[in-house]
Structure formats: C-alpha cells, structure tokens
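**Student:** What follows is a predicted protein model with its sequence.
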Amino acid sequence: MTGTSIEATLELWTSSLRDVKGRMRPLFTQERVAVSAERFMDGLLGDERRKTGWMRAEAAGDPDPWRQQAILGRGRWDADALRDVVRDYALETLVDPDAVLVIDETGFLKQGKASSCGVARQYTGSAGKITNCQIGVFACYVSRHGHAFIDRALYLPKAWTDDPARMAKAHVPEGACFATKPAIARAIAADAPFSWVAADSVYGVGDIETALRRVGKGYVLGVNANHPFPSSLPLMGKAAGRRRNREGYRRKPARRRLAAPVVRGRNQRRAPA
C-alpha cells in the first residue's frame, strides 16, 4: 500500500481479520469451538513453514493438539456454509465486470484406499503421474483488485459412485453421483460474476466450451494439438486468425510461436476426466 504507514496497514489487516472472524462465528454453536476456530485461522496465517497439529497448538497456546484437530475432525459445522462466507467476502472485495475465473484441480496424495473419500489411483500434477490420491477442483476469482479462492468440489471417481456401501461408509451426502471435472467446473462457477475463464486441457473438452459461448463469456482453454474445433461456431481471440485444414483441425503453429495461449508444465500427460 503505497503512501500508507506500517501502523495503518497493520490496523487495516487486524480490522479485516476481525470482520472475517465475526462472519465465521455463527457457524459454530459453542463459544469454545468458535474460539478454537479463530485460533486455527490465526495459525494458518502464521510464518511456520510446516503447520502440523502440534505446531498449531503451540502457536495457539494449547497444551496439546486436541482442540486444533477437533476443528477439522470431530467438530460439527457446515463446510459449505463456510465456503459461502468466504465467497461472499471475496466477491464483495474483488468483484469486477472484467474478472477472470481460473479453474484448476490439485491432487492430495494418500496412502490408504478407504480412509479418505474419493481416493483412487488417478493422475495428479502434484506427483506428475498416476498414483493414489484425492482430486479437488477449485475456482479462483481474479480481478484487478486481487485474487482469492471462492469454491471447491471433490471429484468422485466412478469406482466410488458405483459403490453405494462405500459412499455411505465415507459419509458422502445422499444423492451424490458421478460428474466429470468439466461438469464440476460449470457447477462451481455458476454464481460468480466474471467475463473470462482460464482452465487447463482437462476442461477444454465436452460442452463447457459451448456453454461459455452461449452465455457470451471469453475463455482460454488448453486443448490437445489435434483437438477438432467446431467450424459452425465463431472463433474468438487469437484463434480467429488460425487457419484450419480440410478435416477442420487447426494447423500446428510455426515452431517459433507458442503452441497454445496457456503455459503448461513439462509433463503433458493427463488422465481422462
């Protein structure tokens, strides 16, 4: 913050943090649980590089990690309601008509196959290979005012959704069914005001492209080099100047030019959504 003293900046941060904690407090029915949640949040903002339960407890002044662990495991509170609080706060602060919604996934490596919901052998960029993990689809709201995560959803492989007993044992809400990652992305992006969408190649397939065109949204979606582009739909952006061959595929750009508008990692392999 140019031209603002350190004291004024710290006071602004402290005031904003009090505001966020005040919005969160109604989610917890017991005062002691709300206090533990606030301390847990303070710990997440701390400067420790590894934020284990014991480190969180020490920073909060607790004799052991039981209170900190209870927030994540044994406590009863509505995670979706907290997500709504975060999203509302972020959009109040960052909303802009030219905002970009960034959709991407990340993997959480797991060793067991039954303890964590959605665990399966699947591709994750976190490891750069197919391995045992959970996959979460996330939406980040980006505008000229800043950026923040506003939504998330757990990807459930068909091996899970086709096994009702396993779903019940993991306490998956009733009615949950299989959805591809592009379908999840469409659902979590439904209520945010934005003009553009940026996503990886996993989301550049299916009907998400058509849906964005239908509502007049711009997009930058990574696609495979041989991905066919519908000739019946108008091209947008730089793609409009690219020539297509007789089969309707876009010509491979010259070697000296970028092959796609999205910078991708060294490992190009992706598992089917």
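**Tutor:** Received, thanks.
**Student:** Just give the number of residues close to the nearest residue to residue 156 once chain neighbours are set aside.
**Tutor:** Closest residue to residue 156 apart from its sequence neighbours, by Cβ to Cβ, 6 or more residues apart in numbering: residue 118 at 5.1 Å. Backbone N, C-alpha and C define where each C-beta goes, glycine included. By other Cβ atoms under 10 Å, 21 other residues sit near residue 118.
**Student:** Could you tell me which ranges of the stretch 1-150 of the chain sit under the pLDDT cut-off?
**Tutor:** 1-3, 112-115 (pLDDT under 70).
**Student:** if I look at the residue nearest to residue 156, how far off is residue 199?
**Tutor:** Here residue 118 is placed at a distance of 20 Å from residue 199 (Cβ to Cβ, to the nearest Å).
**Student:** ok, now which ones touch the residue nearest to residue 156?
**Tutor:** Listed by Cβ atoms under 8 Å, 6 or more residues apart in numbering, the contact partners of residue 118 are 134, 135, 154, 155, 156, 157, 160.
**Student:** Of those, which is the nearest to residue 208?
**Tutor:** residue 155 (14.9 Å; Cβ to Cβ).
**Student:** Thought residue 133 was touching that closest one, still the case?
**Tutor:** No: at 10.2 Å, residue 155 does not count as touching residue 133 under the criterion of Cβ atoms under 8 Å.
**Student:** What are the buried residues along stretch 157-164?
**Tutor:** Going by neighbour count (16 or more other Cβ atoms under 10 Å), the buried part of stretch 157-164 is 160, 161.
**Student:** what's in contact with that stretch?
**Tutor:** Contacts of stretch 157-164 (Cβ under 8 Å, 6+ apart): 117, 118, 120, 122, 166, 167, 170, 172, 176, 177, 178.
**Student:** and the helix ranked longest in the chain, what other elements does it pack with?
**Tutor:** In the chain, with assignment by DSSP state H, the single longest helix is helix 6-24. Counting contacts by 3 or more Cβ pairs under 8 Å, 6 or more residues apart in numbering; DSSP states H and E, helix 6-24 packs against helix 31-44, helix 79-94.
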